[in-house]
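>>> Below are the sequence and a predicted model; questions follow.
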Number of protein chains: 2
Amino acid sequence: MVQTWEVPATGLRERKKQRTRWALIGAALDLFLAKGYEATTIDEIVAAVDVSQRTFFRYFAGKEDVALSVMREHDQLFVATLAGRPADEPPVTALAAAIHSVLDTVRYADEDHAGRFAKVRDVIDHNPALAIAQLRYFSELEHELATILARRMDADPATDLRPTLIAATFLTVMRVAFERCARDGLFQPDEVATRIEEAFALAAETLPRAWSGG
Amino acid sequence: MVQTWEVPATGLRERKKQRTRWALIGAALDLFLAKGYEATTIDEIVAAVDVSQRTFFRYFAGKEDVALSVMREHDQLFVATLAGRPADEPPVTALAAAIHSVLDTVRYADEDHAGRFAKVRDVIDHNPALAIAQLRYFSELEHELATILARRMDADPATDLRPTLIAATFLTVMRVAFERCARDGLFQPDEVATRIEEAFALAAETLPRAWSGG
DNA sequence: GAACTTATGGCAGCCGCTGACACATGACAA
DNA sequence: TTGTCATGTGTCAGCGGCTGCCATAAGTTC
């Protein structure tokens, strides 16, 4: 499975753009790690890469978006994998398989992936403003997942809330697992993957019992 | 059950403060309704109440906070009710009872409550920026609920994820119900209450089955 | 009514973000 | 190679959210 940022650039122009883009992301993440998200100004980020502030805003919708864009590209793989799962598979099984596949990729495919993954989680989990931004991102992702699930379940997304409920609950468990990692200071893909599996096992045991009045 | 804003003001000074506070909230909500959240400037809000911008920021942490503060005060009743439920009740039963009690209060207690409730839901559901702010608020509320649930369940909130999972899932269902209302243009407490009950019934039926691989 | 506490207003300024315009730099064809 | 076109970049000017600082006004207390 190929990530967006690894698609071979067609010309010199495109290659330059990708370079600047990743330079900005790198500089931003390092600054966020070093002195905090709020304390870092856009001027500092662009100074480190030697581009103008205006250029920054041509690459990213805002300051938050730098961190989010990395997550976004990780999750493109997730969505693609989910869409490729067999259609007769139960929804939650497909979701679990997809997330498992992504985590394996992050862990074993590429040194850079693993490092970037840890860095992004570290930055997000240490900065409340970014944790909020992550919530926003999750709600976008929720809609995407709900749409895919609706298609799998032969449900009308306009009237049937079940795909949305499943997608939302799935992401909620993910988020709780992430928060657990943040609290324990765990950012490496291996460690995060383990906690996610634990959280899902616990959810499978706890939620049905709690909901059917136990 | 008494709301914060109805606690009798002790002196002239306090009474004046409450008046400006509610004047600001009223002006802000009306402006948000009339011309949208983003298009409304703080200068316009304070002009309508004839106070300085600086004063606005002494009452509210930010522009979003005006809308959130109304929700916050609704939910104080919710938290208080939850804390008062019998300790041997299953968590989800207690949550359901508490939300039911709040909705009844909003519906029948006071004309103002009902109107304000509808207005706030209307404003939030029509403005993406406020919907995001609501997510932030829900995550604060999640921590509060998890703490209360942990006490009820005799669990250590530092290591046991179950209270957090239950609180988070509960709020997720609430949020999905709200989004449903937003899509259908329903903002009156009665209508919202019905949708919330429907969403919970659907969740009770859907989630356990989905999670135990059905 | 004097002395105190506390809310308010005005100001200057930072920072995130955007539109408009001019310039520079790759892309492509003659 | 050169001219033309498309596209990315820098500069600047400006808005709006938000904050610190200090002087002043208003309510409270004795």
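Nice, I can see it.
>>> going forward, measure contacts between C-alpha atoms and count neighbours the same way
Fine.
>>> pLDDT score for the one residue sitting closest to the centre of chain A?
Nearest residue to the geometric centre of chain A (CA atoms, centre = their mean): A:Met71, 3.4 Å. On pLDDT, A:Met71 comes in at 94.
>>> Contacts only, for it.
With contact taken as CA atoms under 8 Å, 6 or more residues apart in numbering or on different chains, A:Met71 is in contact with A:Val120.
>>> Flag every buried residue along the helix or strand containing it.
Taking DSSP states H and E as the criterion, A:Met71 maps to helix A:63-84. In terms of neighbour count (16 or more other CA atoms under 10 Å in any protein chain shown), helix A:63-84 has its buried residues at A:63-68, A:70-71, A:74-79, A:81-83.
>>> Which ones among those also lie next to DNA strand C?
A:63-64 (CA under 7 Å from any atom of the strand).
>>> Residue of chain A closest to chain B, please.
Among the residues of chain A, A:Pro208 lies closest to chain B, at 4.3 Å counting by CA to the nearest CA.
>>> Sticking with the nearest residue to that residue once chain neighbours are set aside, tell me its helix or strand.
Leaving aside its sequence neighbours, A:Pro208 sits nearest to B:Pro208 (CA to CA, 6 or more residues apart in numbering or on different chains; 4.3 Å). In the assignment (DSSP H and E), B:Pro208 maps to helix B:189-211.
>>> Which elements pack onto that helix?
Applying 3 or more CA pairs under 8 Å, 6 or more residues apart in numbering or on different chains; DSSP states H and E, we find helix B:189-211 packed against helix A:91-108, helix A:162-184, helix A:189-211, helix B:91-108, helix B:111-126, helix B:162-184.
>>> In CSV, list the ones you listed along with mean pLDDT.
Shown next, in CSV, are the helices and strands packed on helix B:189-211 (pLDDT from 0 to 100):
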stretch, mean pLDDT
helix A:91-108, 91
helix A:162-184, 97
helix A:189-211, 93
helix B:91-108, 91
helix B:111-126, 92
helix B:162-184, 97
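>>> how close does A:Glu89 get to A:Leu29?
Distance of A:Glu89 to A:Leu29, computed by CA to CA, to the nearest Å: 38 Å.
>>> who has more neighbours, these two?
Between A:Glu89 and A:Leu29, A:Leu29 has the larger neighbour count (other CA atoms under 10 Å in any protein chain shown), namely 22 against 14.
>>> If you average the pLDDT over whichever strand or helix holds the more buried one, what comes out?
Applying DSSP H and E as the criterion places A:Leu29 in helix A:12-35. Helix A:12-35 shows an average pLDDT of 97 in the prediction.
>>> In chain A, where's the longest helix?
In chain A, taking DSSP state H as the definition, the longest helix is helix A:128-153.
>>> Run through the residues that contact A:Arg107.
A:113-114, A:189-190.
>>> where does A:Tyr37 fall, phi/psi-wise?
Note on A:Tyr37: backbone dihedrals following degrees, to the nearest 10 are phi -70, psi -50.
>>> I figured it was touching A:Asn127, is that so?
Yes. A:Tyr37 is in contact with A:Asn127 according to CA atoms under 8 Å; the separation is 6.2 Å.
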